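Colleague: what would the 3D arrangement of this be:
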Amino acid sequence: MVDLKKLKRHFFRKSREFNFFLIVTPSFEELALKELKEVYSNIKNIEIIKGGIYFSADLNVISAVHNYCRIPIRLLLRLGTYICNSEKQIYKNLSQIEFENYLGNNVLNIKVYSRSSWIYNEKKLESIIRNFFIEKYKNIFSFGDNGITLFFRMNHNKLTISIDLTGDPLYKRGISKLKSQTPMRECNIAAAIKLIDNFDKYKFIIDPFCGSGTILIELYMKLKNILPKREFNYSKMPIVYFIKNTDISYQASLKNIAHIFIGLDISFKNLKIFKKNIDNLFAIDNLFAKNLIEVINANALSLPLKLGKDEFIIFSNPPFGWKLLDKNKADSLLHSFFEIMFERYGNFKFGVFYPDNKLLDSLSSDKVTFPFGGHKINFYYN
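Modeller: Residues are numbered from 1 along each chain as shown. A predicted model of the protein is given here:
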């Protein structure tokens with residue numbers, strides 16, 4: 001049985017503020033911070049580093065991030081940073097943290113990193129930490145890969161301890177459960193949307209290389225304010241009793257929208273997956289109209305011809321290089337597409353994920369480069 005009075009004393013005896021670290025795809029930190037402030041304005045002590053944002057806030061920010069932020073990858077709760085020059089100091093500092101108040105009796109997944117420290121052997125460091133939990137907590141905790149992750153990062157003899165509040169990465173929304181090969185992550189799509197001014201003014205949103213529909217489904221969820229349909233780590237922790245879902249500066253609710261989403265692909269297999277993911281949308285969106293998303297088995301060059309150039313936007317992740325294993329073939333397909341589109345529509349609006357490309361450099365007003373699948377990719381837009 002949970003002792004709520006004891007937990008309340010623990011969480012609020014000193015301050016209502018806690019320290020967090022928001023993990024973000026490198027290059028999208030500023031966009032993620034802007035989004036965070038939009039959904040929860042009461043954050044302090046902000047520090048941006050490559051790949052993330054440090055900040056402090058009350059516990060309600062946890063719900064705000066997990067339900068309303070689309071750009072981050074995961075949220076960590078910082079339990080503390082300690083100088084540890086020996087095994088004895090590790091034990092001493094770990095003893096200062098009341099882990100049971102944060103973790104309940106959940107299964108733990110311990111992950112350790114060590115750089116430039118007296119203990120460079122990460123397996124040895126993990127063994128020390130595991131032994132601490134076994135000795136102090138005996139049968140309260142067990143260990144397993146599917147448990148709540150505790151991060152122990154030793155850097156220059158400073159040990160930083162964090163809890164993963166998220167679980168599976170935030171870009172797993174719980175809608176697109178099936179995907180084709182190497183789709184673009186939803187968090188990167190969400191960041192790209194913020195780079196395009198007045199994105200929602202375009203009636204037709206078209207992905208001519210739609211694959212399993214990851215981009216169009218993410219755009220649909222964004223425009224309709226559909227929340228993720230999944231469980232997060234924090235909901236299994238005692239901390240959940242002190243998080244209010246309503247005390248936030250931004251409230252999402254389902255909207256009626258007038259946009260039409262059009263996806264084209266030559267693969268029956270990809271489109272079959274796309275249609276299953278659309279069914280998942282239908283199951284959770286009571287305002288959903290299936291005719292809002294049109295799935296077409298056709299070549300990317302077979303777009304509708306009667307659209308005005310100001311009516312639509314192309315938003316896509318075309319096949320490229322290491323996806324086709326033939327860069328020349330990928331570039332030729334891309335060039336043919338843009339050549340025909342400009343012939344038909346003139347200067348149309350687009351946002352495209354693609355590696356370095358001279359044609360796109362010449363057509364785009366800007367681009368953002370970020371890591372993707374061990375490579376670097378750009379989001380080109382005009």
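Colleague: my guess is residue 175 contacts residue 217, does it?
Modeller: Yes: when contacts are counted by C-beta atoms under 8 Å, residue 175 is listed as touching residue 217 (6.0 Å). The way it works is simple: take the backbone N, C-alpha and C, and place the C-beta from them, glycine included.
Colleague: intersection of neighbour lists for the two?
Modeller: 277, 281 (C-beta atoms under 8 Å, 6 or more residues apart in numbering).
Colleague: what's the average pLDDT for the helix or strand that contains residue 280?
Modeller: Assigned by DSSP states H and E, residue 280 belongs to helix 268-284. In this model, helix 268-284 has a mean pLDDT of 85.
Colleague: with stretch 161-180 instead?
Modeller: On average, stretch 161-180 scores 87.
Colleague: with only the CA atoms kept, save that stretch in PDB.
Modeller: C-alpha atoms of stretch 161-180 as PDB (Å, rounded to 0.1, in the frame of the first residue of the first chain):
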ATOM      1  CA  ILE A 161      22.100   9.800 -11.300                       C
ATOM      2  CA  SER A 162      18.900  10.100 -13.400                       C
ATOM      3  CA  ILE A 163      15.600   8.300 -13.800                       C
ATOM      4  CA  ASP A 164      14.100   7.700 -17.200                       C
ATOM      5  CA  LEU A 165      10.500   9.000 -16.900                       C
ATOM      6  CA  THR A 166       9.600   8.000 -20.400                       C
ATOM      7  CA  GLY A 167      10.300   4.400 -21.300                       C
ATOM      8  CA  ASP A 168      10.100   3.800 -25.000                       C
ATOM      9  CA  PRO A 169      11.200   7.000 -26.800                       C
ATOM     10  CA  LEU A 170       8.600   9.700 -27.100                       C
ATOM     11  CA  TYR A 171       8.500   9.500 -30.900                       C
ATOM     12  CA  LYS A 172       6.700   6.200 -30.400                       C
ATOM     13  CA  ARG A 173       3.200   7.700 -30.300                       C
ATOM     14  CA  GLY A 174       1.300   4.400 -30.000                       C
ATOM     15  CA  ILE A 175      -0.400   5.000 -33.400                       C
ATOM     16  CA  SER A 176       2.000   3.900 -36.200                       C
ATOM     17  CA  LYS A 177       2.700   0.500 -34.700                       C
ATOM     18  CA  LEU A 178       3.900  -0.900 -38.000                       C
ATOM     19  CA  LYS A 179       6.400   0.900 -40.200                       C
ATOM     20  CA  SER A 180       8.300   0.400 -43.500                       C
END
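Colleague: give the buried residues for that stretch.
Modeller: 161-167, 170-173, 175-176, 179-180 (16 or more other C-beta atoms under 10 Å).
Colleague: likewise for stretch 32-49?
Modeller: Result for stretch 32-49 [16+ other C-beta under 10 Å]: buried residues 32-33, 35-36, 39-40, 43.
Colleague: in the helix holding residue 280, what's buried?
Modeller: Going by neighbour count (16+ other C-beta under 10 Å), the buried part of helix 268-284 is 270-271, 273-274, 277-278, 280-281.
Colleague: tell me the angle of the helix or strand just after it relative to helix 268-284?
Modeller: Sequence order places strand 293-297 as the next helix or strand after helix 268-284, per DSSP H and E. Inter-element angle recorded for strand 293-297 and helix 268-284: 170 degrees (by axes from the mean of the first three to the mean of the last three C-alpha atoms, to 10 degrees).
Colleague: quick one: strands adjacent to strand 293-297?
Modeller: strand 260-265 (parallel) (DSSP bridges).
Colleague: next, residue 339: secondary structure please.
Modeller: Classification of residue 339 by DSSP: H, G, I helix; E, B strand; the rest coil places it in helix.
Colleague: in helices only, show me the buried residues of stretch 32-49.
Modeller: Among the buried residues of stretch 32-49, the residues falling in helices (DSSP state H) are 32-33, 35-36, 39.
Colleague: which among these gets closest to residue 64?
Modeller: Residue 64 has its nearest neighbour among these in residue 39, at 4.9 Å by C-beta to C-beta.
Colleague: related to what we said a few turns ago, pull the distance from the helix holding residue 280 to the chain's centre.
Modeller: Helix 268-284 has its C-alpha centroid displaced from the chain centroid by 21 Å (C-alpha atoms, centre = their mean, to the nearest Å).
Colleague: stretch 86-100 too?
Modeller: The chain centre lies 32 Å from the centre of stretch 86-100; the measure is C-alpha atoms, centre = their mean.
Colleague: end to end, how far does it reach?
Modeller: Length of stretch 86-100, first residue to last, C-alpha to C-alpha, to the nearest Å: 24 Å.
Colleague: and residue 155, what pLDDT?
Modeller: pLDDT, read off for residue 155, is 95.
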